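A.B. asks: curious how this folds, go ahead:
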Amino acid sequence: RTATPPRAVRAAEWPYAVMLSLRVAPGSAAARRIEERLGAALPGHCGRTASAGAGTVLWLGPDEWLLVTPPGERPRTAELHRALDGAPGSVVDVSAHRTVVELSGPSARDVLEKGCALDLHPRAFGSGRAFATRLGPVQVVLWHTAEDIWRLLPRASFADYLARWLIDAMGEYARPEVR
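C.D. replies: As a prediction, this is how the structure comes out:
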């Protein structure tokens, strides 16, 4: 029996990220104005994301996106709302609705696979993809930002439960693997 070095995995909150819900008819003049202000096209398909300055736009539905920017960024709610110019749609600051938990390290995917029904293999869920799913019993937006970095966006009211679920799921990675 030999023990290998610990398999690294880390969970940390990404506190106070700015999140804006964007609802607008795809391809409309209002959508083009929003894209112009974002400096990026709104992703057109399930799972797609787009870099937009300091933030990233995640596709949530055929006419719904979530703009996520790092903590400390200024919300662009008014600017993007003006881009609607009276057209049907909405721009709403939902920063208090969700939190961001970042799971990183070589074993991050292994931890997520304990409670997520999606295929998380890089061929199916590569970096730069995001999907609404469940992790354990918690609904999250799961965003794969880089090879070993995943961001989970649960409702704020489920964040404590999700953190406890992750701590439990990560337990085996705190000790060396015994072979």
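A.B. asks: for the residue nearest to residue 48 when sequence neighbours are not counted, give me its contacts.
C.D. replies: Closest residue to residue 48 apart from its sequence neighbours, by Cβ to Cβ, 6 or more residues apart in numbering: residue 59 at 4.8 Å. Where C-beta positions appear, they are placed from N, C-alpha and C, glycine not excepted. Shown in contact with residue 59 (Cβ atoms under 8 Å, 6 or more residues apart in numbering): 42-49, 65, 130.
A.B. asks: pick the one among these closest to residue 170.
C.D. replies: In terms of Cβ to Cβ, no member of these lies closer to residue 170 than residue 130, at 21.8 Å.
A.B. asks: please identify which helix or strand holds the closest one.
C.D. replies: Here residue 130 sits within strand 129-135, counting by DSSP states H and E.
A.B. asks: contact partners of the longest helix anywhere in the chain?
C.D. replies: Longest helix in the chain by number of residues, with DSSP state H as the criterion: helix 159-170. Residues from elsewhere that reach helix 159-170 (Cβ under 8 Å, 6+ apart): 9, 11, 13, 99, 101, 103, 107, 111, 114-115, 135-136, 138, 140, 152, 154.
A.B. asks: which two among the residues you listed are spaced furthest apart?
C.D. replies: Checking those with Cβ to Cβ, the most distant pair is 99 and 107, at 22.2 Å.
A.B. asks: could you find the closest non-adjacent residue to residue 77?
C.D. replies: Residue 77 sits nearest to residue 93 (Cβ to Cβ, 6+ apart), 4.8 Å away.
A.B. asks: the one you found and residue 112, how far apart?
C.D. replies: Noted for residue 93: a distance of 28 Å to residue 112, by Cβ to Cβ, to the nearest Å.
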